[in-house]
Structures are given as C-alpha cells and as structure tokens.
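1. Pasting the sequence and the predicted model now:
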There are 2 protein chains.
Amino acid sequence: MTAVQGSERLTTFEDNDQKPVGHGRMLRKEDPRLVRGRGRFTDDIQLPGMLHLAILRSPFAHARIVGIDTSAAAALPRVRAVVTGADLAAQGLAWMPTLSGDVQAVLATDKVRFQGQEVAFVVAEDRYTARDALELIDVEYDVLEPVIDARRALAPDAPVIRDDLDGKTNNHCFDWETGDKDATEAVFAAADVVVRQDIVYPRVHPAPMETCGAVADFDAVEGRLKLWSTTQAPHAHRTLYAIVAGLPEHKIQVISPDLGGGFGNKVPIYPGYVCAIVASIVTGKPVKWMEDRSENLISTGFARDYIMRGEIAATRDGRILGIRTDVLADHGAFNGTAAPVKYPAGFFGVFTGSYDIEAAYCSMTAVYTNKAPGGVAYACSFRITEAVYLVERIVDCLAAELGMDPAELRLKNFIRPEQFPYTTKTGWVYDSGDYEPTMRLAMDLAGYAELRKEQEAKRANGELMGIGIAFFTEAVGAGPRKDMDILGLGMADGCELRVHPTGKAVVRLSVQSQGQGHETTFAQIVAEEIGIPPADIDVVHGDTDNTPFGLGTYGSRSTPVSGAAAALVARKVRDKARLIASAMLEVSVADLDWEKGRFQVKGDPGKSVTIQDIAMRAHGAGDLPDGVEGGLEAQICYNPSNLTYPHGAYICVVDIDPGTCEVKVRRFIAVDDCGTRINPMIIEGQVHGGLTDGVGMALMEMIAFDEDGNCLGASLMDYLIPTALEVPDWETGFTVTPSPHHPIGAKGVGESATVGSPPAIVNAVVDALAPYGVRHADMPLTPSRVWDAMRGAPRPPI
Amino acid sequence: MTAVQGSERLTTFEDNDQKPVGHGRMLRKEDPRLVRGRGRFTDDIQLPGMLHLAILRSPFAHARIVGIDTSAAAALPRVRAVVTGADLAAQGLAWMPTLSGDVQAVLATDKVRFQGQEVAFVVAEDRYTARDALELIDVEYDVLEPVIDARRALAPDAPVIRDDLDGKTNNHCFDWETGDKDATEAVFAAADVVVRQDIVYPRVHPAPMETCGAVADFDAVEGRLKLWSTTQAPHAHRTLYAIVAGLPEHKIQVISPDLGGGFGNKVPIYPGYVCAIVASIVTGKPVKWMEDRSENLISTGFARDYIMRGEIAATRDGRILGIRTDVLADHGAFNGTAAPVKYPAGFFGVFTGSYDIEAAYCSMTAVYTNKAPGGVAYACSFRITEAVYLVERIVDCLAAELGMDPAELRLKNFIRPEQFPYTTKTGWVYDSGDYEPTMRLAMDLAGYAELRKEQEAKRANGELMGIGIAFFTEAVGAGPRKDMDILGLGMADGCELRVHPTGKAVVRLSVQSQGQGHETTFAQIVAEEIGIPPADIDVVHGDTDNTPFGLGTYGSRSTPVSGAAAALVARKVRDKARLIASAMLEVSVADLDWEKGRFQVKGDPGKSVTIQDIAMRAHGAGDLPDGVEGGLEAQICYNPSNLTYPHGAYICVVDIDPGTCEVKVRRFIAVDDCGTRINPMIIEGQVHGGLTDGVGMALMEMIAFDEDGNCLGASLMDYLIPTALEVPDWETGFTVTPSPHHPIGAKGVGESATVGSPPAIVNAVVDALAPYGVRHADMPLTPSRVWDAMRGAPRPPI
C-alpha cells in the first residue's frame, strides 16, 4: 500500500509552471503578490467615507453592569455613534448564536463574564478618535467573584456564571462519553499492568500574524451588505448572518481576502463582525473594525484547556489492551467560538491512537468559567491534538513502567496494514495506513540506535539528552458524520471549473486559504486532471458571491474535501472534452487516448487535439456532438464518504542544560504520510509551520490567568511564540499511503505537525529527565517547570 | 396559435415582488438604485492614483501623416505619457482586428482615414491637463482628397483609401448576394406590375445617453488586467483582448457596469479601450478614458448608410410575386465596428417582409469611404431595420401604383398561419406568426376606417393628413447559423442558477443590460420556473470573472437566447429539487405535484415542502437520495435551434402644416407580437423607446458630411434627437404567438419598434403628400425635405 517513501529536499524545486502536469514542486503562485507587498488583507480595504470602530472591553472577569454613561464619548468631535448592549437589545441583537449551538453576547447587557468581553463600541471618523472616545465611556461595575479554575467551576459553592442568562444554577456545560465502559473496565481489571497519568494541555492561542477584523459596507438602497472579514469560513458566516440577522442571504456578500494566518482563530463569528455590520447600518457608511494584538489575545478563540486523566492497560510483555480517559474541558464563558460540531469528535475518534487494542472508553465534562470563549479549531478543531498528546504521553509512561524502548512498544502495537479500513473501539473507520514503514523511516533518518547509544554515553557523563517519539493518526476532512453537523449545513463542498475559449481556466472553491497556498495546490490538482498548465489556471476563493457553498477551511479539510471536489470536477470537464475531441477527430471516444493535455487517436498519436483546441471548439460555432452543450465547464458538490486519516512518526532529540534547565531542541525528524503528495514544497512548509507550533506549545506558550481572572498573556511580550532562534533545522521524510476513497488519494496535512510534535518534544524532555525519576511534566516546559520537575515538585499545571 | 391579445395599460402595474410567480407587471428591481443616483457607471469608477487619458483626433478626413512632435505635450507638468501610432507600432499594437474581420488602426500610423480618427493619446494626472496637452501635440498632415459619397468610392479615379494598408487598388469592401436571381428575373418579367424605387437609409448614430469609455487597471505583479468598459459584449471583448494582445484570458477581467444605453454603439472594441489598456501597462496606474459627446458622435459606431433600389412585382389585383433589391453599403474607412457576422444576415433574412411570395433576390456591394467606421448593431445588427424599411416602403409604392389600400394589400399577401414554420425564398425559417389578427388589432385600435374617412374630409379641405402602415417581421436571437459566426465563438450563451441554503437565489447571465431591465426580467423568468419570488433572486451580469461565457446583448438576443437559458437552467434545478422533495416527503417523484414554489403529495396537498425547505436540505446533513449531490444549482449552455421572429403592425397618423411643412405625429398605434410576455411594463418601455427612435430617424436624424469630409453632426445641437415634445402618447397593443422552439415561447422585443416605426412614419408622410403626387421621400423628413418633396424637387438624399 505504501507506494513511495523518501526524505525531503528542502531548498530545491522544479518549476513546473508551464508543464501540463499538476503534481510536483512548484513555486507558490500567490507569492509574487504576497512577497512584494501586493497582498490585499482586510486592513488594506479602504473605502470612501469609511468610519472606524473601536470596542470597549470589560476590565473584569465577572461583574454586573450597573450603568453605562456614553454622553461624553458621544459628544467628542468626529464621533459618529456610540452603541451599548442595551441599544442592541432594543433591536433584538444583543445575543448571537455560536457555531457550536450556544449563545454569546454581542455586547454585554447584564453581566460581563470574562476579561476583554465586549461592552460597547464607538464609531468615529478615524481610529484614533474611536479609541480616545472609549476612555470617555463611564461604566459602573459591581464586581463578582470569578471562576477561573475548571475544577472549581463545578463546586457547589462556585458562583454561577450564566445564572441570569439561561436560568442555569451551575456552571455545567455538557457531558459526553464514547466507547464501552464495562468492557473497558473488564480489560483493565484483567490486565497485567495499568498505568495512570494526569495530564494537562494548557490553554493556548493560535496567535495568527493578522488579527481579526472586518469592513462592513451596507447599501441601504440595494439592501445589500458587503462584508470583508478575516474568516476561514465565509459561506457558513453568510448563511448564519442571514438566519440570525434576518438579512436576505442573496443580499449578503462575505469576502475573505488575503488572510494572515488563521489556525482556527478565524472560524468563529466574533462580536466585532456583528458590531461592524450594525455600525454600517446605523451610520450608512462603510465601517472598519480591526483588533489590536492585545484584543486578539484576550478575547478571540483559544484552544486546549483540557485537564485529562489517561489510563492504559497492557500485558507485561507490552501488548496494549485498553485505553481509558476522563477529561475536564474548560470552555470559558460561552461555548461560543468552537468548531461547528456538537462534540469533540476528533478526540473521540483518535484517542486510542495508532494501536490495535481491545477496549476503550472516554468520558468528558465541560464547564463554563470566567475566561474568554475557548475551543477553537486550532489544529485540530475536533480536539485531535489533545487526544494524540494524551495517548502518546501515556504510551511513553507505559514504556517507562515496562522498561521497554518506546519505539519498540509502539511497533509492537500498531494497527497492521491488513487491518485497514480499521474500525476503532469507538466506531471510527481509519481509511488507510501502513505504520511500521513510517516508523522505521523516521528511526532510520534519526539514526535511532546511535542516538540511544549517544544518550547512554551522555547520561554516564551527567548530561541530559532526551529522545522523544510520537506516532499519530489524525482524522481530517470533516466528512459525512451527521452527528458532527450542528449547523445543519452539512459537510459537503462545491467546486466549479470553467475553461475559457482560449484554454485558460478558473476553478472556484468553497474553501479559503489563510496562507496554505490554495492558489497553487488547487491549480495543480486541476492541472493534473485536465492537462492545462497550473499557471493557466486561476483559483478563486473567499468570496461568497463568486464561489460555491461550502463550510470553509478548518480541520485540514481543504485537500480531503475541496481537493477531491476539484479533481472530480476536472474529470467531469475532461469527460466532456473527450466527447468533443471525438467529434473533432472523427473517431469514437473508445478510440481516444488521454495524454496529459491532449486526446490522441489510438495507434495514430500524430492525430490529436489539445485541451486548448477543444476549449475553442466548445465555445465556437463548430459542430458539437449531439446532446453536448457548448462551453467547457462543470460543477460538483462533493460529500466525502469518510474522513481521511493521515499519520506520522516524529522523533525529537533535546538537550537540557542541567544548570539553567533550558531545553534545546537539537534535532527533529518528522516523517509524514498524507497520502498522495500534490506539492511537496507546500507540504514541507505546512509541516515546518506545525512543528514550530509544537515547539511553542511544548516549551513556551500558555494563556494563564491570575486569581482575579486577569489574562496574563495579553501581549506577545507575555505570550511567547517561537521564532527561528528556538527551532532546529527540520528533518522531514514521507511515506505515501493513498486514501482509498479520495479520488487522488490525498489526505490533509495542514495540522499534522501541530498535532504530532508536542508529545514528541515532551516525551524527549521527560526522557532526558528520566535519571531524575521524572515520568511526566506538564507543558509548557519552561526552565522553571523543568527545574521543578527535576526536583519532584511540579507546579500546578494551570 | 395566438393565445392572447389586448391593448396595454400604460401606467398601472401589479407589484408581484413577493409572489412566487414570475411573469407579469412588476417594478424594475434596478430602478431604486438608478433613480436614486446610486447607479455605478464606468465614469463613476474612481481608483486610487488613477490617471486620465485623452485622445488626439484627426481634423482631416483623408491625409498622410508627415510627422508628429510630442515634445511640448510631454513636457507639460502632470503629463505622464504621450503615445503615438509609431509607439504602438513598435509593440505590434498599432492595428487591431475588428469584430467583422477587418482591421482598424488603434492610432493612425501612415494615414488618417476619417475625421476624428485616433492619432495619439496623452495620459495625465487629471482630465484637464490631458486635454490641454493634446493641443501641444504638433502633427504635420499632407491632406488628400477624401471619398465621401459611396457612389464615388468605386469610380476608377477615386482616391484609394486603403492603398498602403492592404495593397488595395480600389475602395471595394465586399459583395454578397442571396436568393435566386434567374427565378426572380422570370417572375418580374411575367408580372402585371413592377414598381421600382430608389430609397436611401441615411447614416444615423445610436447616440446613447452615456458615451463610451473605460477604466483599465493592469497589475504588473499579478499580470492581471481589470477593465471596466462600456461594452454590450464583455465576454467577446475579453476573448478578443486575449487573442489580440496576447494577454492570458484568465488574467483579464472585463466588467461592464451600469450602462447608460447602448443600442449597438457599445458592441465594438474601440481604439480608446485599447489605448486605456496600453496606458495602464505603460504607467503602472489605473487609467480612465471617457469620450465627450462630440467624440462619441464623430468616431464611434454609426448605422445604416444604405443606398437601396427596391423592386416589387405583382399581379394587377395585388398579389405580390417577387421582390428584388440592390444595395450600396457605406462602411466607412474600416469595416471595423460592425456586428460579429460576416454579412448583413438580417437584411437577407427578412427583406421579403411578412409576405408569401414566389421569388426574391438581393445583391449588395459595400465600399470604403473616408468616414468613421459604420455598420453597428443599432436596431438591428443584421440590417433588419434597413430591410423592413425597404420592403414596407415599396409595398406602399405598389399600393399607390395599384390604387389599393395599403392595409388591404398587406392583408392579401401575408404568410398564412398554417404556413409556419415558413421558409423564405432566401432560406430563412420564420418560427411562428399569425399576422392577420395583429394587423386587425392595430386597425381596430387605430379606428382605421374612420381615419381614412377623416383623411378624405381633410384632403377635401386642403389639409395634409397621412396614415402610414408598417408591418414587420424581425429575425432576432442570433442563433445557430454558423455562416454568421465570424469570431468562431458561436452564438450559444451560458447561464447559472444557484439557490442558497435559505432559499434565496442568484442567476448569472452571459448577457449584459444597457438599461433593458435584465435584473428584473431574468429574475421573473427564473421565478416562474422555480417558484422563488423575483425579489429573492439576484441577477448578476456584466462581469466576465463571475458570469458564464456568451456573446452579449445585441440583436434583441437577451430573451431569445439567455432568457431560454435561464428558464431551462431553472428547470434543471427544479428537477433536482423534485428528487430531494421526494426523499423529504418519502414518496416517489411520480407522486409529487409542482405548485409554484412547492412540491406537494398528489391527493394530499397538506403534505408538501417548499423550495426553501428543499434548499436547506440540499445544503444540510440530512439524507439526500442516492446519486444526488448536495447543493441546489445548475448551469447550462444554450444554443438556440433557430432564431425567433417577432412581428408587429404599426399605424401612424401625421398632420403636416402645409405652410411650414412641419410633420406632426398625431397618433401612433403599435401592436407587437413578441411571443410570451414576461414583464409587460418592461416591454412597453422598450417599445416606447424604439418608437421614439423611429421618430428621430424618420423626421430628424442624419449624420451628414460636407465635401471635405467634415462631420456635420458632431454635437447634439447639430444631430437632433427626439424628446418628449416630438412624440405622441403611444398607443400599444399586443398579440401573443409563442415561439415553438423557445422554452417559454418568448421572442425578443428590444428592437422591434426601432425597426417598425420609420416606415410607418414615412409611409404616413408620403400618404399625406399624395395629393402632391409624392410617391417617395427620403429620411429624415425635415420641413425642408417635405417642402422639396411637395414641389417635386427632392434634395440629394445624402
């Protein structure tokens, strides 16, 4: 099943711009624009008469609003409007539904529930005046006790955060469970060895380079709203604006222009978007809202914040029998800005990892706290990141318990290639995989045996060197699971391909790029199928008026879903082209061979027509076969029959300075299998980015709060993200196990490295600290935490 | 076959915005924008850093360019570029092909060939500077003798206009003929009566309210050209720019925003568009070019300019046997800006009128003259206007010769309803018609018999009252005749319909409105088929990036071609909706009835789903039937199997002041049959506009030249167009003879009144002057021409 494997070239590429084949290394088509400063981001939108909006945010985590006096702000010259929650409430707009089916305040009316919550907004002729006016708004607060720790939230005496919102008498959000509890209990009871570990995945922030923002332009004459916004899901947003605000859907155009990263942060509908829309309607002018960095960090979608207990049962010789886990999830004040799924499906899908086991069970309780709404789709929306971290951590704990090499333990328990498609103990069907070669390749590239020898030598010398392994299976390409679909908008994505008379083409996607290179990758996918050079294929996305409906880009779904749609729609066009070629060459379709870019007569290859010839004929007055319409285009709506399951083997080597406790990632070997590889250079870029994410989460990043609910990560001075200085030269490799149900066998790769790297790094650090008896330490493994772990006194994890 | 007939209500309407049915009177959806000044025309486009282009034009009709000195212009502050024909020639861009397969100079290099020809252009920071700089360009001309009269053009000693362009040694442009010359000769030889009349249709100008212009914005980084231009055919323009300029077609976006009228004037590619594109490439800035009124009148597409000889053969009792005609056509200096057809197809198609005759023959010779390029699609592109004028004039001449009432003569010779589809003697197939009821209705509405009695009484009193009849059959909806397709781009048009999740919809057209009300009519066509209210259906057009390919709006082809496409694509969507409804209602499709807007179970109408319910299901996670893709949309490319043939009977009553010779149109009765009527209010608007056109052409308008080739109609002070003061209250009626091959039976109506009204008015004037022995007088029938005609001394016709 594994067709190819190899390691990557990092710096060379072939430019196949003008070759009529698609797959392969080529420079990104969007880069000339982006690197020359000609990108067009939301904050680049300048409209005549445009006003600027600024949001007043709560300084308290939990407080009752006693009164708001806006008179001084409204009186400031150049201020056009000051709007409070009461104003919105009068229009029925104070609350909005969230993608996950909860509600969230647009502007607070009764209480503020987290520090940074939106309280009022000012619209002014310039950004500076709008900001200045915020300081003139006088809000009287009655401060309440905040709930910051999820473990405190369910205490009988905990303050109730949503008391006057939905009549709740506690802070309980939801309970879910999956798997067979009794069967798992039985397996655990009979096992030789059971290892249990409490593991915290701290709250982190996707921190995209571009913050969130919008420009709303409501035309009262046409009743038409044009909204540029930093969204990963323009179509879903449009439909929700239509349903919620009562604006007719065909009169709403959501444009997601160039985006400076998203990583899930830009999936939710934020109050700021709604404020900008309201402001444009109220003032009759275009209105721009752009967050500053602090606003983005304190109020927009967070991720993780899981307090987990992992348990693993095994035989003495290392056969894993069962996995059990219990999760306490902190969703903040509103289960507000999460992925459009009812439950953390990905966690349930892959928490048993890449291992063939007998029983599994997971229970989960989520609570409300006085923190910003959490749960965004930050690699990965379905909480796969947390699940992979949990399972790879406890497998390492088991290896330590058994005294086995962690690579050997994994190799012993992998699902075997002949077991695919493999149904997990919680009912998810892994589509394809061949894990051992992937693991072996990573070990080969790492020189695993030599590393262990080196480690042994260094330990003897008192040096702290660690080798960490993580092996992950991801579930991506949100597909046909109706139970995941909370919006009722399905998981299918449209795609359209139009070939112009001269043989150039345009493909229209439902998904939106936040920097992943869709303009290149999708041109390549289409080129491969239709034989038009990628340079001749324009990719249009991110504009609801001009692209087909779909749910957007998150959960690595662009290639698994829209990529499939693009390949299939190109095949539809090729099928039509074949009919026209048959008329042009005066032979039956059965007598035609397809060579990339042309149909030629079997046995007479000199007699052929190019796809460009066919395009002109399709638009011309020449005869077309009976029943064949003019034009050369097609559309599709693709609903995948299953998720795709990329996998990977990561090996991390760290050195820890025993004096400063600083962790240095010396080497990182990442072997990914995302099925068919469209543009290896772009895949590498995605992997490099995700690995860097992992260094951040493992070693540096955490959104912490003090006991009053003050966010301690409100700037990039406080919330540390990795730079080139913190990361090694990545070493990557690949295997190829095509997805059997995807038309070109491709899986998603956008989140793999973010998912797989934190456990590899943490496992390496814990491995390095093994001489100190350390079995676990919670992220982020800052020098002070390493110091504590070495001394057996771990700090409170969050 | 005639299903309905009646006369029109002129001022009332039902607002069916919210009814899920399409056809009927409703206010135009575009009007709130247009009447409130929120239309967005080309000259409204303002881009940051935009420069302005002005064109230097030749003051001479025929001259050799000896030299051009641009140094003073280039030195003027705020001037960014000065470009001459030599500069363009260096880039291979001095010449461009025309839609009719000739070439035209972008900027003159060797000679200027008409007054107003483009010689150089200036790009400056503002329009005023650009204009001022033109006066600093020093062009040295060697003036040559011009050829102004088409009859002079073929003289052996005539100057050769295109001598150094294509090696021509004379001014001959083309010859065409159609029909059976010998059979016609035989019919004429054997006929009782033969009438012959020389008839001139003078050169006129469409004179749209908005002149031509463009804004070109070339992005060198993306290699992408965005061109707003005043074009009726954005897709054809794009493809031609791609082919001619070598720009990749997918990198060209042609946007035709709101247009202030077109009438064929905006079909051609003008040198100004190309200049704007070149200017943007050269300067790296957006560049606007907008003509002033004088430039529009002297250099853009003219129409008519036919010197015709008409002959008609008949029996003594009024049976028409044959029609023969010879035409000398003046195409100006370039057969440059005509319709995209090889020959004057419409003329050939309908010059035998609405009559069942035995033989017909037409010969035509076209010449080049030192006038601006002519032959635009001004109602109608295919020279139907000229043909209808010719045949209706000579039928009246025959009536005079026979002493028959002209209505009686027509009624006697009409093609009979059972003869449809009727193949003319030149091989064109009239799709449907029932002429007598149309004629009778017009006569009834006019009170024809009473009018004749009134006329008799007035004549006895020395008063000049005339009654003119014209009956026309038009050929519209440019369809499948390959011999008409010079571009090789066919005559098919695409259409796309997308229904959003909430049941609102957008329909995308290949055709572009110049004011005809497409946003309303096409919403109604779709509404009628799919049951979504017209208000909930957006119509998108005029943007090549976001609409399917098609040839544009001319020759009344929007409804016959794109209207058919819209109805059929809506039926495709309805067919898909039926499948989904069957799953939702759990019955077979055969058990479903379609009631506008919903499917209901046969025999249980309470059990039903609306199209809106179906739209949400189509986008949702609910089950869809096997093999049915998600989404609710479809596309089509429609190639009509035939042209459609609207017809009409027009009766005009004029009074002429015998002292001043002023013609007053007292009444005008227009009965039109355009098949199925979609929005009667819009049809009336089209008819009123065309009738007003007819008053202009019949009585006021002519582009004349002096002997040096100076255009005498270079302003609206000199080129007179009718206003509300010159026209009567129009009286309209209708019959309905559906087209058998059009899915909703509709024909085009945009040009009918322009075609049909001039002969009715001229026939009325000639009828009024019958007591003076006048049998013919050439348009425009100004007081001086009437004066001359009354005195038997007609002026030279042109």
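-> Looks like it arrived, so ask away.
2. Name the SS class of the residue of the stretch 51-200 of chain A found nearest chain B, please.
-> Using CB to the nearest CB, the single residue of the stretch 51-200 of chain A nearest to chain B is A:G101, 13.8 Å away. Every residue, glycine included, has its C-beta placed from N, CA and C. Using DSSP: H, G, I helix; E, B strand; the rest coil, the structure places A:G101 in coil.
3. So for it, what's the pLDDT?
-> At A:G101, the predicted lDDT confidence score is 78.
4. separation between it and A:G550?
-> 20 Å (CB to CB, to the nearest Å).
5. Look at these two and report which has more neighbours.
-> Counted by other CB atoms under 10 Å in any protein chain shown, A:G101 and A:G550 do not tie: A:G550 has more neighbours, with 32 against 15.
6. tell me the pLDDT at that one?
-> With respect to pLDDT, A:G550 has a value of 89.
7. Where does pLDDT dip in the stretch 401-550 of chain A?
-> In the predicted model of the stretch 401-550 of chain A, residues A:478-491 satisfy pLDDT under 70.
8. all helices for the stretch 601-750 of chain A, in order.
-> A:611-619, A:680-699 (DSSP state H, counting those that start in this stretch).
9. can you give me the mean pLDDT across the longest one?
-> It stands for helix A:680-699. 96.
10. Tell me the backbone dihedrals of the residue of the stretch 51-200 of chain A closest to chain B, please.
-> With angles defined as degrees, to the nearest 10, A:G101 sits at phi 90, psi 10.
11. thinking again about what came up before, how about the helices of the stretch 601-750 of chain A in TSV, adding distance to B:G685 and mean neighbour count?
-> Putting those into TSV (distance: least, CB to CB, whole Å; neighbours: other CB atoms under 10 Å in any protein chain shown) gives the following:
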stretch	distance to B:G685	mean neighbour count
helix A:611-619	33	24
helix A:680-699	54	24
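12. Dump those to TSV, plus distance to B:V123.
-> Supplementary listing: the helices of the stretch 601-750 of chain A in TSV, determined by distance: least, CB to CB, whole Å:
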stretch	distance to B:V123
helix A:611-619	34
helix A:680-699	40
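13. could those go into TSV alongside distance to chain B?
-> Formatted as TSV, the helices of the stretch 601-750 of chain A follow (distance: least, CB to the nearest CB, whole Å):
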stretch	distance to chain B
helix A:611-619	6
helix A:680-699	19
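14. Among those helices, which comes closest to B:A81?
-> Closest of the helices of the stretch 601-750 of chain A to B:A81 is helix A:611-619, at 34.6 Å (criterion: CB to CB).
15. what's in contact with the closest one?
-> Contacts to helix A:611-619, defined as CB atoms under 8 Å, 6 or more residues apart in numbering or on different chains, come from residues A:20, A:499-503, A:530-532, A:576-577, A:580-581, A:584, A:597-599, A:609, A:624, A:630-632, B:239, B:488-490, B:492, B:549.
16. Then stretch A:396-404?
-> Here stretch A:396-404 has contacts from A:193, A:195, A:197, A:310, A:312, A:314, A:316, A:318, A:320, A:405-406, A:409, A:468-469, A:759, A:763, A:766-767, A:770, A:775-776, using CB under 8 Å, 6+ apart.
17. Quick one: mark the members of the residues you listed that sit in strands.
-> A:193, A:195, A:197, A:310, A:312, A:314, A:320, A:468-469 (DSSP state E).
18. Put together a markdown table for those, with distance to A:F174 on each row.
-> Below are the ones in strands among the contacts of stretch A:396-404 laid out as a markdown table (distance: CB to CB, whole Å):
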| residue | distance to A:F174 |
| --- | --- |
| A:V193 | 33 |
| A:V195 | 28 |
| A:Q197 | 25 |
| A:G310 | 21 |
| A:I312 | 26 |
| A:A314 | 31 |
| A:I320 | 29 |
| A:G468 | 33 |
| A:I469 | 34 |
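19. A:L136: which of those residues is nearest?
-> After measuring the ones in strands among the contacts of stretch A:396-404 against A:L136 - CB to CB - the closest member comes out as A:G310, at 51.7 Å.
20. and the closest one, what does it touch?
-> Counting by CB under 8 Å, 6+ apart, A:G310 touches A:196-199, A:323-325, A:390-391, A:393-394, A:397.
21. cool, and A:W289?
-> Residues near A:W289 by CB under 8 Å, 6+ apart: A:52-55, A:121, A:213-216, A:272-273, A:275-276, A:279.
22. On the three-state scheme, it is what?
-> Under three-state DSSP, A:W289 comes out as strand.
23. swap in A:H235?
-> Per three-state DSSP, A:H235 ends up helix.
24. Could you tell me how many residues sit around it?
-> As a burial measure, A:H235 scores 28 neighbours (other CB under 10 Å).
25. Point out the ones among the contacts of A:W289 that are inside strands.
-> Judged by DSSP E, the contacts of A:W289 include A:52-55, A:121, A:213-216 as members of strands.
26. A:M681 is in contact with A:M26, correct?
-> Yes: with contact defined as CB atoms under 8 Å, A:M26 and A:M681 form a contacting pair (7.3 Å).
27. If anything else comes up later, I'll come back, but that's it for now.
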